[in-house]
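[1] sequence unknown, structure follows:
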């Protein structure tokens with residue numbers, strides 16, 4: 001005898017999908033391009049331009065002094081670099097119907113997403129300024145494939161040393177941990193995660209797990225090659241063929257923002273539009289900031305472009 005079993009084929013659920021109100025965490029990139037900038041703040045009511053200044057070195061005095069004769073002396077020489085801040089911002093427009101019917105706290109979510117957007121915007125602005133660096137070398141690679149090699153990296157290090165660029169990190173001395181080894185004084189390199197495999201194939205590459213200590217290791221740090229420590233991000237610059245790798249010494253570039261609560265989250269609640277929103281149908285959440293990035297000395301940084309093979 002057949003069993004007259006009632007199944008979901010006869011009676012399906014009125015709501016067929018369960019909605020989990022705990023939102024999934026969205027993957028976020030590592031924002032590395034502002035980390036090593038000389039940072040300045042422009043005071044409120046003091047215009048929109050900052051002047052960076054450096055003095056040229058005096059020539060060495062190798063001529064012996066003549067008794068009783070005053071030497072001619074030298075003049076100081078300076079270079080001024082101007083940086084003018086610009087305003088950036090964006091916002092999300094939300095209707096009252098979304099607020100009334102959607103389970104999520106939409107304005108709160110919007111504020112969080114806008115904060116991430118602001119961080120990525122600033123990072124991209126700085127990255128694009130670094131891309132304009134006048135000091136650029138394209139990797140010869142192995143067998144002419146333009147990939148990263150120790151020779152290419154060491155060539156940039158030598159160029160920076162000849163320009164008297166200063167290292168950014170001190171030496172890590174050897175420790176007792178198994179498989180660890182000392183890490184030299186280093187410049188920082190900022191690259192894209194697509195170069196990971198090529199980077200690890202560079203002769204003498206050491207991953208962060210081989211460092212003698214983990215204090216001072218940055219979140220995006222992948223490892224070191226000689227006198228360079230590498231940070232990698234999904235936000236690196238590429239035209240699809242060539243990849244930028246910025247190898248940076250101290251005081252190579254600067255960033256400026258405006259003081260007095262510069263970066264702001266701005267929320268306009270429903271009805272705040274006055275006569276333009278007479279039925280309280282619209283709300284907005286947004287951000288704005290004043291910012292500029294500038295290369296201060298091309299000789300203290302170098303763009304080592306490579307291909308990924």
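    Great, that's in hand. Fair warning: this is a prediction, and the values are worked out from it, not measured in the lab.

[2] And the strands in the stretch 101-250 of the chain?
    All strands of the stretch 101-250 of the chain, identified by DSSP state E, counting those that start in this stretch, fall at 136-138, 187-192, 206-207, 221-225, 228-233, 242-243, 246-248.

[3] among the ones you listed, which is nearest residue 34?
    Comparison of the strands of the stretch 101-250 of the chain against residue 34 by C-beta to C-beta identifies strand 187-192 as nearest, at 10.1 Å. For every residue, glycine as well, the C-beta is placed using N, CA and C.

[4] buried ones in the closest one?
    Taking 16 or more other C-beta atoms under 10 Å as the basis for neighbour counts, the residues of strand 187-192 that come out buried are 187, 188, 189, 190, 191, 192.

[5] what residues are up against the fifth one?
    Shown in contact with residue 191 (C-beta atoms under 8 Å, 6 or more residues apart in numbering): 199, 230, 231, 232, 233, 236, 243, 244, 245, 246.

[6] Pick the most deeply packed of the strands of the stretch 101-250 of the chain.
    For the strands of the stretch 101-250 of the chain, average neighbour numbers computed from mean count of other C-beta atoms under 10 Å are highest in strand 246-248, which has a mean of 27.

[7] Which residues are in contact with residue 250?
    Residues touching residue 250, when contacts are defined by C-beta under 8 Å, 6+ apart, comprise 36, 165, 166, 167, 168, 300.

[8] Can you tell me how far the closest residue to the second one other than its chain neighbours is from residue 38?
    Setting aside the residues directly before and after it, residue 165 is nearest to residue 249 in space (C-beta to C-beta, 6 or more residues apart in numbering), at 3.2 Å. Counting by C-beta to C-beta, to the nearest Å, the gap from residue 249 to residue 38 is 12 Å.

[9] Between those two, point out the one with more neighbours.
    For residue 249 and residue 38, the more surrounded residue by other C-beta atoms under 10 Å is residue 249, and the numbers stand at 23 against 14.

[10] Hmm, residue 187 and the more buried one touching each other?
    Yes. Look at residue 249 against residue 187 with C-beta atoms under 8 Å: they come within range, at 5.4 Å.

[11] shared neighbours, the two?
    A shared contact of residue 249 and residue 187, defined by C-beta under 8 Å, 6+ apart, is any residue touching both; here these are 160, 165, 167, 168.

[12] Nearest to residue 149 among the residues you listed?
    residue 160 (17.3 Å).

[13] and residue 51, what element?
    strand 49-55 (DSSP states H and E).

[14] Mind giving me the packing neighbours of the next helix or strand along the chain from that strand?
    Past strand 49-55, further along toward the C-terminus, the next helix or strand under DSSP H and E is strand 78-84. Taking 3 or more C-beta pairs under 8 Å, 6 or more residues apart in numbering; DSSP states H and E as the contact definition, the neighbouring helices and strands of strand 78-84 are strand 49-55, strand 282-295.

[15] and the gap between residue 91 and residue 285?
    As it turns out, when the distance is counted by C-beta to C-beta, residue 91 lies 6 Å from residue 285.
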